[in-house]
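In: have a look at this fold, sequence not included:
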């Protein structure tokens with residue numbers, strides 16, 4: 001994957017150190033950093049970087065724009081630099097050269113802004129490659145209590161995101177995830193499937209389909225659930241290759257729902273699969289038929305990667321997904337999830 005050559009020039013040394021340490025720790029595969037302490041150094045080394053990210057140099061910014069040809073992203077503080085944007089209003093977005101981004105927000109959101117602004121300029125739209133070994137795919141599926149797949153996968157993602165970069169991919173129809181995802185006018189899974197189907201994508205276009213939930217990221221869920229069945233196995237496989245290769249995630253959690261054509265082939269791409277179960281009833285019959293179907297279709301390997309999860313009894317009144325996640329994360333069920341993930345990671 002081609003790296004973006006990012007020049008960083010910030011007057012606030014403490015902020016700059018925290019920011020660059022975060023980039024080096026979590027986005028090393030995406031950026032090649034060029035760190036400068038003075039504005040005058042930028043002109044001398046302009047050929048070596050693609051885009052400039054700067055802050056705390058408001059007085060020098062106008063002159064800087066006259067000297068440089070590369071795009072500039074300025075991290076600004078609305079309170080202390082309220083007149084700066086007004087003064088440079090004509091220069092903003094002129095020939096795609098200047099953008100203002102809020103300085104005091106999460107680093108991952110600033111990174112998204114950087115890649116959205118310059119991703120299409122830095123990288124040509126190209127074909128996807130193979131699934132990256134740096135990212136593991138974890139699937140969640142249920143034959144009966146599928147209404148609890150959503151809180152389960154968010155609980156798992158919340159635990160994993162304490163130490164890893166996590167992306168949630170929701171392939172379950174009407175899972176309820178859209179109630180948690182603030183989509184607005186953003187594109188979502190439909191757009192990602194279109195990119196995968198054509199085999200070509202733009203990085204900025206791909207990143208615009210991603211939202212944030214606490215420390216986790218997610219692809220905005222579909223609005224038209226019929227497209228989940230209409231997409232082919234080849235499209236799903238290309239989508240997974242695209243996501244694992246082009247995005248810097250260590251784990252992608254896939255919430256499986258409707259059985260599209262090629263469902264088992266896509267499920268087999270997961271290194272870990274959690275099969276959620278309900279106590280008693282006809283669950284054992286359904287599970288038996290499911291296992292027989294895996295055997296008959298030649299997917300014995302899926303059974304070996306599968307961990308059965310028996311949901312705790314919920315005897316009280318219905319609660320929100322957020323409250324259920326919080327309960328599961330810190331009770332005995334959360335401890336079970338942690339231990340199970342440790343075992344599967346060790347086995348892998």
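Out: Cool, the structure landed. The shown structure was predicted, so the numbers you read here are calculated from the model rather than taken from an experiment. Numbers count the residues shown, from 1 in each chain.
In: pLDDT below threshold where in the stretch 201-348 of the chain?
Out: Scanning the stretch 201-348 of the chain for pLDDT under 70 picks out the ranges 279-281, 314-319, 343-348.
In: go again using 80 as the cut-off
Out: 201-205, 278-283, 311-320, 341-348 (pLDDT under 80).
In: and the strands in it, which stretches?
Out: 210-213, 216-219, 251-256, 272-277, 306-310 (DSSP state E, counting those that start in this stretch).
In: list the contacts for the residue nearest to residue 187 when sequence neighbours are not counted?
Out: Of all residues not flanking residue 187 in the chain, residue 209 sits nearest, at 4.9 Å (CB to CB, 6 or more residues apart in numbering). Any C-beta I mention is one placed from the backbone N, CA and C, and that applies to glycine too. Residue 209 makes contact with 186, 187, 188, 189, 191, 192, 219, 220, according to CB atoms under 8 Å, 6 or more residues apart in numbering.
In: one more time with 7 Å
Out: Contacts for residue 209 (CB atoms under 7 Å, 6 or more residues apart in numbering) come out as 186, 187, 188, 191, 192, 219, 220.
In: give me the phi and psi angles of it.
Out: As for residue 209, its main-chain torsions (degrees, to the nearest 10) stand at phi -90, psi 0.
In: look up how far residue 17 lies from it.
Out: Per CB to CB, to the nearest Å, residue 209 is found 32 Å from residue 17.
In: just residue 115 next, same as before
Out: Computed as CB to CB, the residue 115 to residue 17 distance reads 22 Å.
In: between those two, which one's more packed in?
Out: With neighbours defined as other CB atoms under 10 Å, residue 115 and residue 17 compare such that residue 115 has more, 24 against 12.
In: what about the more buried one, which helix or strand?
Out: helix 107-122 (DSSP states H and E).
In: closest to residue 287 out of the strands of the stretch 201-348 of the chain?
Out: Comparing the strands of the stretch 201-348 of the chain by their distance to residue 287 (CB to CB), the top pick is strand 272-277, with 6.8 Å.
In: return the distance of stretch 231-239 from the chain's centre.
Out: Chain-centre distance of stretch 231-239: 18 Å, with CA atoms, centre = their mean, to the nearest Å.
In: understood, closing this out.
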